[in-house]
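Asker: curious how this folds, go ahead:
(one chain, ligands or ions: 2)
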Amino acid sequence: MSKDEKISNGPIGLDVGTSRIVVARREEKKYQFEAQLNAFITLPWSKLTENLLRQEGVFHEVEGDEIVVAGNDAQKFAEVFHVETRRPMYRGVLNPREPHSLAVVRRIIARLLGRAGAEDKGVFFSVPAAVDNEEGGLAHHEASISQILVSLGYTPTPIEEGLAVVFSELATTNYSGFGISCGSGLCNVCLAELSLPVISFSVPKAGDYIDTHAAAVTGERATRMRIQKEQAFHLNGSDGDRVQNALTVYHDDVIRTLTNTLRTKIASAQQLPKLNKPVPVVLSGGTAMPKGFVERFIAALRMQDFPVRVSEVRISGDPLNATARGALMAALASERTFTTAATA
Ligand SMILES: Nc1ncnc2c1ncn2[C@@H]1O[C@H](COP(=O)(O)OP(=O)(O)O)[C@@H](O)[C@H]1O
Ligand SMILES: [Mg+2]
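Answerer: Ligands and ions are numbered 1, 2, ... in the order given. Modelled structure (predicted):
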């Protein structure tokens, strides 16, 4: 099976998330999105298994005495073969404890993007901001993703995830305000003024934290918590159900940590721009999706005594695609700048 048949003519926005990789393209004046789970399974090699996967048309690769199935098919076949899915990334970066990490991410990106065509080879890809100013493998992660894109013929540019959200959502305030993405590994935050990042950071509590902690206190499996959370959960106080209660507690924990860190970071910032007008806050990412999340976030932010004046807090209209869309908009904007400069 050839994975590189696809040819892409950019510009492209790529969201390299801990649980999903999303690509955004502009086609016929519309944004188009495509996503793959950032996950894989390994199966012991046997002729039978390989034949079965081939018959089912499942994208797979043989590595030594193992077969690796990556992306959306990993979830499907984990159930068929009774194995656990694994993730190549942890808390926003390539997982150093997972030997397959780089190869799996390369495979998924190659599958979504294909090779670069003759024109417009620019790809803007999302990278997380630092947690507690720690390097935490960020440089290695960024260089590795860049290298994958270069090997496919693209010209890569990293963009911080929070800034990508600003590009996606805050055109009406000239790209001033807070872009926040609450994913599975991290919540990423960027305060931008006129599209330039002023403060960026991330918090290592998000969807995975909610799943593992809610699982620990209820004696359930984290996967079951995730499914409950995604299918039938809203944050409006306790209704007696222990799973719902546990999920509520850990969503509140994430919200409190996020808003407290936001407050501290702004209060301790050396050079805050003047920001004459109140600025908006936009939330995105899967973890911000449950009903009631925005309301709880507003309550925790305590806007009256927040160090920056906030005009509104809202959720993105397309929370799972906002990062990819913003990365694409940044790519389009940079292209326009280059074209203008070249023709001037
Ligand atoms: N509809 C939903 N309701 C609640 N949580 C969701 C929903 N969809 C996804 N999630 C959670 O959001 C997280 C993934 O968000 P996403 O923005 O795709 O993450 P990442 O950037 O880490 O890949 C996971 O923890 C997932 O369980
Ligand atoms: Mg994300």
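Asker: now the helices for the protein?
Answerer: Ranges of helices within the chain are 47-55, 72-81, 101-113, 138-151, 161-169, 207-218, 222-231, 242-267, 293-301, 322-343, based on DSSP state H.
Asker: could you find the closest non-adjacent residue to the closest residue to ligand 1 within the stretch 1-150 of the chain?
Answerer: Residue nearest to ligand 1 within the stretch 1-150 of the chain: residue 17 (2.3 Å; Cβ to the nearest ligand atom). C-beta coordinates here come from the backbone N, C-alpha and C atoms, glycine included. Nearest non-adjacent residue to residue 17, counting by Cβ to Cβ, 6 or more residues apart in numbering: residue 183, 5.3 Å away.
Asker: now do the helix or strand of the chain at the bottom of the mean pLDDT ranking: which elements does it pack against?
Answerer: Of all helical and strand segments in the chain, the minimum by mean pLDDT, DSSP states H and E falls on strand 7-8, at a mean of 78. The contact analysis (3 or more Cβ pairs under 8 Å, 6 or more residues apart in numbering; DSSP states H and E) places strand 7-8 against strand 115-116.
Asker: close to ligand 1: what parts of the stretch 1-150 of the chain are there?
Answerer: Within the stretch 1-150 of the chain, the positions near ligand 1 by Cβ under 6 Å from any ligand atom are 17, 18, 19, 20.
Asker: please flag which of the residues you listed sit within strands.
Answerer: Among those, the residues falling in strands (DSSP state E) are residue 20.
Asker: CSV for the residues of the stretch 1-150 of the chain next to ligand 1, including neighbour count?
Answerer: Below are these laid out as CSV (neighbours: other Cβ atoms under 10 Å):
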residue, neighbour count
17, 27
18, 23
19, 19
20, 22
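Asker: now for the residues of the stretch 1-150 of the chain next to ligand 1: which two are most distant?
Answerer: 18 and 20 (8.2 Å; Cβ to Cβ).
Asker: overlap in contacts of those two?
Answerer: Residues touching both residue 18 and residue 20 by Cβ atoms under 8 Å, 6 or more residues apart in numbering: residue 38.
Asker: let me know the pLDDT of the nearest residue to residue 91 once chain neighbours are set aside.
Answerer: Closest residue to residue 91 in three dimensions, ignoring its sequence neighbours and counting by Cβ to Cβ, 6+ apart: residue 185, at 4.1 Å. On pLDDT, residue 185 comes in at 96.
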